[in-house]
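Asker: Take this sequence and fold it.
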Amino acid sequence: MKRSTYSLPVGSTLMQGKYRIVAVLGQGGFGITYKGEHTMLGTTVAIKEFFMKGACERDENSTHVTTSQSNSELASRFRTKFLKEAKTLAALKHPNIIRVFDVFEDNGTAYYVMDYIEGNNLSDIVEGKGRLSEPLALKYIRQVANALDYLHQKKLLHLDVKPANILLDKNTGNAILIDFGVSKQYDQDGQQTSTTPPAISKGYSPVEQYAQGSNVKTFSPATDIYSLAATLYKLVTGNTPPESNLLLNEDEQLPPYPSNVSEVTRNAIAECLQTRKKRPQSISEFLQLLDSEPISNIDTPEEEDTILKSQYKKSQEVLTTPIKTKKDNLNTVFIIGAVIAFVVIIGLLFNKCGGSSSNDSSDEDLDSVVYEPVDTTAVAWDDSTASYEDIYTDDTDNDVSYVSPKNQSNDEITKGSENYEGGSKFVGTFKNGVRLKGTFTWADGDRFEGDFKDGKMSNGVYYYKTGNKFSGSFDSNEERENGTFYWPDGDRFEGDFKNGKISNGVYYYKTGDKFSGSFDSNEKRSYGVYYYTNGDRYEGNFNSNGLKHGSGTYYWKDGDKYEGSWENDKQNGYGVHYNADGSVWFKGQWNNGNPVR
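Answerer: Numbers count the residues shown, from 1 in each chain. Below you'll find the predicted structure:
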């Protein structure tokens, strides 16, 4: 007798007791997702089992999977592909991509094991609580963009980017890209190396995915970019976009945006929802659209009331560029690149722009419930009454008394300006006497152009007199939160900030090198992937000086690689150097970058 549920019973074990099934979380056309436990470590994991509907069967009193004779060849082919793609995913190491760390066969089928993420997907968050504030939506979109850029560098496309496939990690607040079941890998010539049928997600799939017989030759990074822009539209409006074929044929139009969504974001989405060749062709181009300078619609009134205020406060902060490391030669001698430091005057601290005191709502104040997704990674989420529109509500008291430039009634939007002792000035619009949108210029030459929340900088572009620039969102203390920081020499960082310092994202060096990962509290590389312009890359841990340290893997462009222990940028301890053909060049102890023979 066959069980109608098909799934493994709770309490079943895998890999001779290594993993135990705790719960069934969902089932799709090609697999079943379980919440599991690593029995030796006692940690919670997510386990995905290959189980092809219509081809795979399981007896009621057995855990073994069998395939029907008529579909055995098809099931075998897709199981082989399931294992191959699982191994590909296991090689991915990015803070915004779900981590796969075990792949195996058991019960006559295949499995892979992932991190168990406590959180909910963005689709459920928007459906349950309404649209997100623009700064919060852009934070998540930039994180997913960084993950996609990492995939595209590896010639891998996701092909199913949508809110339901983006988890919000409750513990870190970061967006995690999941469900690579329809991903495709392609080579330099665009030749398909993966055969999963393309999936269609209405509203998020571009028109090329609808085409009969479509393959990787018709796909490119622009395919994922369409889906990412459609996801951004959903987050800031709460509406699912019309299907791409209807949009392109002008059978339907995008529903209107809320009035507080910026023109920059609207234009970026519009650019990305075009036909494939008209879209941005890389994630970098997409991010540049999001970082475009806003077009000011604010005119200085012919007659404006100006008043004298106490000096608008400004403080200093040091933002240090992470140090750069280079591989010297194939004999594994490494040298430390130069340390580049920039002292950045930023004025983004407490009490810079005043506002009324209130209690913040945040996504860390949420009550626990269990979320069970369908055919995706195991998750749990804290539900909350917190409003995502109010995430950036401010706690800071304004020490600058405000005198309205005009007589205003409640919720009245007016234009005007404010002058401050020392020469600082704000020109823009006010809502009930509080700065809403405009330009604040400091006497020393710094200026901010953009939106204000409760009178404080919220989302926009900050120009430093030093030539540096930051484009993005600010937290309630006016510290940088998420966006892009540009240095005058050509370096830039795209991602998250913590206490105003770079925290998680991608750092682009003017030399062409790139680092994608996390940074410590001193803005030094902590864990991630460093890409060299010559084609080499390192994936692993770094020490407090930003040097390769601990466990990591170095890949040479010629195909060689070293896996093992590092200390201060050199191989130290146990490690293995593989030749390009997979043979072992040396296996054993290393000292100061050299094998101990």
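
Asker: Tell me how this structure divides into domains.
Answerer: According to the domain assignment given by automatic domain parsing, the chain is divided into the following structural domains: 13-115, 120-290, 487-597.

Asker: Any idea which of those domains gets closest to Val434?
Answerer: Within the domains of the chain, the stretch nearest Val434 is domain 120-290; the backing value is 14.7 Å (CB to CB). To be clear about C-beta, it is placed using only N, CA and C from the backbone, and glycine gets the same treatment.

Asker: Span of that closest one from start to end?
Answerer: 25 Å (CA to CA, to the nearest Å).

Asker: coming back round to it: of all the domains of the chain, which one is nearest Lys456?
Answerer: Closest to Lys456 of the domains of the chain, according to CB to CB: domain 120-290, at 12.1 Å.

Asker: one step back: among the domains of the chain, which is nearest Leu436?
Answerer: Evaluated with CB to CB, the domains of the chain place domain 120-290 nearest to Leu436, the distance being 9.8 Å.

Asker: how about low-confidence regions in the chain?
Answerer: When residues are selected by pLDDT under 70, those of the chain lie in 1-5, 181-199, 212-218, 250-251, 292-411.

Asker: switch the cut-off to 50
Answerer: Across the chain, the stretches falling below the confidence threshold (pLDDT under 50) are 1-4, 186-197, 294-409.

Asker: can you pull out the helices in it?
Answerer: Secondary structure of the chain by DSSP state H: the helices cover 72-90, 122-129, 134-153, 221-237, 244-248, 263-272, 283-290.

Asker: ok, back up a step: reformat the domains of the chain as TSV; add mean neighbour count and distance to Ser471.
Answerer: Converted to TSV, these look like this (neighbours: other CB atoms under 10 Å; distance: least, CB to CB, whole Å):
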stretch	mean neighbour count	distance to Ser471
domain 13-115	18	20
domain 120-290	19	8
domain 487-597	18	10
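
Asker: Figure out which of those is closest to Val461.
Answerer: When the domains of the chain are compared by CB to CB, domain 120-290 sits nearest Val461, at 9.5 Å.

Asker: So what's the gap between the closest one and the chain middle?
Answerer: 12 Å (CA atoms, centre = their mean, to the nearest Å).

Asker: Same question for stretch 484-499.
Answerer: Using CA atoms, centre = their mean, the mean C-alpha position of stretch 484-499 is found 15 Å from that of the whole chain.

Asker: Do me a favour and get the end-to-end distance for it?
Answerer: Per CA to CA, stretch 484-499 runs 15 Å from first to last residue.

Asker: what's next to that stretch, contact-wise?
Answerer: Here stretch 484-499 makes contact (CB atoms under 8 Å, 6 or more residues apart in numbering) with 139, 142-143, 145-146, 174, 287, 291, 319, 321, 340, 342, 466-472, 479-483, 502-510, 521.

Asker: So which of the residues you listed are in strands?
Answerer: Using DSSP state E, the subset of the contacts of stretch 484-499 located in strands is 319, 342, 469-472, 480-483, 502-508.

Asker: ok, back up a step: could I get the helices of the chain as CSV with distance to Lys202?
Answerer: As requested, the helices of the chain are exported to CSV (distance: least, CB to CB, whole Å):
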stretch, distance to Lys202
helix 72-90, 24
helix 122-129, 13
helix 134-153, 19
helix 221-237, 10
helix 244-248, 9
helix 263-272, 17
helix 283-290, 22
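
Asker: Mind checking those for the one nearest to His64?
Answerer: His64 sits nearest to helix 72-90 of all the helices of the chain, at 14.0 Å, using CB to CB.

Asker: From Tyr19, how far off is the residue nearest in space to the middle of the chain?
Answerer: Of all residues in the chain, the one closest to the mean position by CA atoms, centre = their mean is Gln143, 1.8 Å from it. The gap separating Gln143 from Tyr19 is 29 Å, by CB to CB, to the nearest Å.

Asker: ok, the residue nearest to Leu177 when sequence neighbours are not counted - contacts?
Answerer: In this structure, Leu177 finds its nearest non-sequential neighbour in Ala147, 4.6 Å apart by CB to CB, 6 or more residues apart in numbering. By CB under 8 Å, 6+ apart, the residues touching Ala147 are 94, 96-97, 177.

Asker: do the same with Gly108
Answerer: Taking CB under 8 Å, 6+ apart as the criterion, Gly108 is in contact with 64-66.

Asker: Nearest to Leu547, out of these: which one, please.
Answerer: Taking CB to CB as the measure, Val65 is the one of the contacts of Gly108 closest to Leu547, at 47.3 Å.

Asker: tell me which residues form a beta bridge with the closest one?
Answerer: Following DSSP bridges, Val65 is listed with bridge partners Arg58.

Asker: residue contacts, it?
Answerer: Each residue near Val65 by CB under 8 Å, 6+ apart is listed here: 51, 56-58, 107-109.

Asker: What values do phi and psi take at the nearest residue to Asn165 once chain neighbours are set aside?
Answerer: Beyond its immediate neighbours in the sequence, the residue positioned closest to Asn165 (CB to CB, 6+ apart) is Asp179, lying 4.5 Å away. According to degrees, to the nearest 10, the main-chain angles of Asp179 amount to phi 60, psi 80.

Asker: Tell me how far Asp179 lies from Val161.
Answerer: Noted for Asp179: a distance of 10 Å to Val161, by CB to CB.

Asker: before we move on, what about Asn245?
Answerer: In this structure, Asn245 and Val161 are separated by 18 Å, where distance is defined by CB to CB.

Asker: what about Ala443, neighbour count?
Answerer: By the other CB atoms under 10 Å criterion, the neighbourhood of Ala443 contains 14 residues.

Asker: wait, Phe474
Answerer: Neighbour count for Phe474, taken as other CB under 10 Å: 30.

Asker: which strand residues sit across from it in the sheet?
Answerer: Once the bridges are assigned, which here means DSSP bridges, Phe474 pairs with Arg480.

Asker: same question, Val584
Answerer: Tyr578.

Asker: which residues make contact with stretch 235-243 from outside it?
Answerer: Under the criterion CB under 8 Å, 6+ apart, residues 122, 126, 130-132, 134, 137, 140-141, 163, 202-205, 230, 233-234, 247, 251-255, 257-258, 261, 265, 273 lie in contact with stretch 235-243.

Asker: Please repeat the previous calculation with a cut-off of 7 Å.
Answerer: Residues from elsewhere that reach stretch 235-243 (CB atoms under 7 Å, 6 or more residues apart in numbering): 122, 126, 130-132, 134, 137, 140, 163, 202-203, 230, 233-234, 252, 254-255, 257-258, 261, 265.
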